[in-house]
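Colleague: here is a sequence together with a model predicted from it:
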Protein chains: 2
Amino acid sequence: MIKHNQTMTTSEWEIMRVIWTLGEATSRQIIRVMTLKKDWAPSTVKTLVTRLQKKGYLTDNGAVRDRLYTPTVDEHDAMTYALNHTIQAMCAMCVGDAMANVIETTELSQRDILNLQDVLKAKYATAPESVACNCMPNHWEELK
Amino acid sequence: MIKHNQTMTTSEWEIMRVIWTLGEATSRQIIRVMTLKKDWAPSTVKTLVTRLQKKGYLTDNGAVRDRLYTPTVDEHDAMTYALNHTIQAMCAMCVGDAMANVIETTELSQRDILNLQDVLKAKYATAPESVACNCMPNHWEELK
DNA sequence: TTTTTAAGTTTACAATTGTAAACTATAGGT
DNA sequence: ACCTATAGTTTACAATTGTAAACTTAAAAA
């Protein structure tokens, strides 16, 4: 699980999704797909690929032409990381509730659901009675 | 569930969390808290509050001084919305897996877990065998 | 009443992001 | 060997974001 300092922007994420799906890709391929998917200009795609490389999310095979770009991070890892990142910025007390809401409207396969249920069952054993709100700094009550 | 065009940035989110917790707040209060929580300069907080207002996430009571700011959106709704937003940008096929990973490391209360389990049980009835990857545009296979 | 403080408003400024054109160099076609 | 399309590199440019100082004005203190 590689750690990354730079964050991926939404546009960059779109690019990564197609490279993840293809395993590796040339910019020609990426441009073809993104033109269909997002109607971006070829230049836009090129810029984004370059930025992803600078940020360390892509490597290339060094070819002068028809270069192949490969992800340096696993898609599942990146997703897990991004989701955690979002969640950690939110009120810990409300997270469970929000996740329930989200799950209601998210498409999940039977396998997904069974897996989730397993994880939850295992968690229950050590689950706290309640989770405290962490929106305020420590000792803020002293501020009147 | 109010719909918002503008998105909240992470810094803005931090501000909202304290106002949500307090119910309503003057900038003096917010500044006090944020100085402790994030070590931000008072000006920074003022700017952020103004921007949140412009974006429609806060209203004020119109007082010339010691103005009270109130959220226009519910915290749970905002969280649900933000999480959904993040998830919808990801590969639908992998979302279930990522959520399981996230849940493993997220603090959840017993109540949260029971609730999640209820939601999942209800979902199982109509759950599909599998969820297709949606990273590529339609008919992209035709692109060789 | 004059001064001081601090709330609210304006202005600032660099980094990041979305979006893309322009330029350069090279592989493939003729 | 030369031309041309296009892959890769540079440059561009406005909007957003993080971060904050400066200014203005009104309330509180002296």
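Modeller: Perfect, I can see it now. Residues are numbered from 1 along each chain as shown, chains lettered A, B, ... in the order given.

Colleague: what helix or strand is residue A:103 located in?
Modeller: Residue A:103 is located in helix A:92-105, with elements delineated by DSSP states H and E.

Colleague: need the residues that contact that helix.
Modeller: With contact meaning CB atoms under 8 Å, 6 or more residues apart in numbering or on different chains, helix A:92-105 is reached by A:87, A:90, A:116, A:130-134, B:75-76, B:79-80, B:83-84, B:87, B:99, B:103, B:106-109, B:111-113, B:115-116, B:119-120, B:123. Any C-beta I mention is one placed from the backbone N, CA and C, and that applies to glycine too.

Colleague: now the helix or strand that that helix is followed by against helix A:92-105, angle please.
Modeller: Later in the chain than helix A:92-105, the nearest helix or strand by DSSP H and E is helix A:110-124. Using axes from the mean of the first three to the mean of the last three CA atoms, to 10 degrees, the inter-axis angle of helix A:110-124 relative to helix A:92-105 is 160 degrees.

Colleague: for helix A:110-124, name the packing helices and strands.
Modeller: Secondary-structure packing of helix A:110-124 (3 or more CB pairs under 8 Å, 6 or more residues apart in numbering or on different chains; DSSP states H and E): helix B:92-105, helix B:110-126.

Colleague: which among those is found nearest to residue A:62?
Modeller: Nearest to residue A:62 among these is helix B:92-105; the distance by CB to CB comes to 29.5 Å.

Colleague: what residues are up against the most centrally placed residue in chain A?
Modeller: Within chain A, the residue whose C-alpha comes closest to the C-alpha centroid is residue A:79; the distance, by CA atoms, centre = their mean, is 3.0 Å. Listed by CB under 8 Å, 6+ apart, the contact set of residue A:79 reads B:90-91, B:94-95, B:97-98.

Colleague: make it 7 Å
Modeller: The neighbours of residue A:79, taking CB atoms under 7 Å, 6 or more residues apart in numbering or on different chains as the test, are B:90, B:94, B:98.

Colleague: what's the answer for residue A:120, then?
Modeller: Contact partners of residue A:120, counting by CB under 7 Å, 6+ apart, are B:103, B:113, B:116-117.

Colleague: got JSON lines for those residues, with distance to DNA strand D and neighbour count too?
Modeller: Shown next, in JSON lines, are those (distance: CB to the nearest atom of the strand, whole Å; neighbours: other CB atoms under 10 Å in any protein chain shown):
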{"residue": "B:103", "distance to DNA strand D": "26", "neighbour count": "23"}
{"residue": "B:113", "distance to DNA strand D": "32", "neighbour count": "20"}
{"residue": "B:116", "distance to DNA strand D": "30", "neighbour count": "23"}
{"residue": "B:117", "distance to DNA strand D": "35", "neighbour count": "16"}
